[in-house]
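[1] Model the structure of this input:
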Amino acid sequence: EGVGRPGDKIIFARASQDGQTFGPTRRLNQKGGAFMPFVAGDGQGAVYAAWVDERNGTNYDVYFNASHDAGQTWQTQDVRLSAGKPGETTSIDPVFATDANSVWLAWSESNRKENRTAIMIRSSPDRGQKWSDARTISHREDAPTGLHLVKLPAARGHRLVLYWFNQSALSGAYSDDGGR
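    From the prediction side, this is the model:
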């Protein structure tokens, strides 16, 4: 199907033989205007992709797609995960953390009417099939940069650590209950 022009498609090609050969390409987004992809795997065959997408107008939304067989097949429909109404907020910087069955996706979402930016997170207990409602982690007046989400071992289970930079500081939040 070809790669297309920049910002048009999110394309995945599965590597084999230590990257010496690549399988056929697969388009992960259903409409144009996609850019800024972030890809992660869980080490058990699941591959997750999220990206920023402008299909709903001049503001951006975060979309998601998943493969559960090491990238051989993907969901037929991508999923919009931004919290605001389509095209009303600007969502950027998607990042993941994963484990055996769970996926956490965080991003930055700006609302120009309110002149505020929020750090948002959603979780999926079933490898990206169903998602929790979006939760606000932090509201800011200045836009964050360098958003990071990591899963660390903890005494009971794991600890999710979300941190970001802004104009004057390093900020963050953590969860010991799976992001609930």
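
[2] For this protein, which segments count as strands?
    Ranges of strands within the chain are 11-16, 21-27, 34-41, 47-53, 61-67, 79-80, 90-98, 103-111, 116-124, 135-140, 145-153, 158-165, 170-175, based on DSSP state E.

[3] I would like the residues contacting the last one, please.
    The contact list for strand 170-175 (Cβ atoms under 8 Å, 6 or more residues apart in numbering) reads Ile119, Ile137, Ser138, Arg140, Pro144, Arg159, Leu160, Val161, Leu162, Tyr163, Trp164, Phe165. Just so you know, the C-beta spots here come from the backbone N, C-alpha and C atoms, and that holds for glycine as well.

[4] residues contacting the third one?
    For Ser138, the contact set (Cβ under 8 Å, 6+ apart) comprises Ala118, Ile119, Ser171, Ala173.

[5] Which strands and helices lie in contact with the helix or strand of the chain with the lowest mean pLDDT?
    The least trusted helix or strand in the chain, going by mean pLDDT, DSSP states H and E, turns out to be strand 145-153, with a mean of 84. For strand 145-153, the packing partners by 3 or more Cβ pairs under 8 Å, 6 or more residues apart in numbering; DSSP states H and E come out as strand 90-98, strand 103-111, strand 158-165.

[6] re earlier: could you identify the most distant pair in the contacts of strand 170-175?
    Farthest pair in those (Cβ to Cβ) is Arg140 and Arg159. Separation: 22.7 Å.

[7] First-to-last residue distance for stretch 170-180?
    From its first residue to its last, stretch 170-180 covers 23 Å (Cα to Cα, to the nearest Å).

[8] List the buried residues for it?
    Using 16 or more other Cβ atoms under 10 Å as the test for burial, stretch 170-180 gives Ser175, Gly178, Gly179.

[9] do the same with stretch 112-122
    By 16+ other Cβ under 10 Å, the buried positions in stretch 112-122 come out as Thr117, Ala118, Ile119, Met120, Ile121, Arg122.
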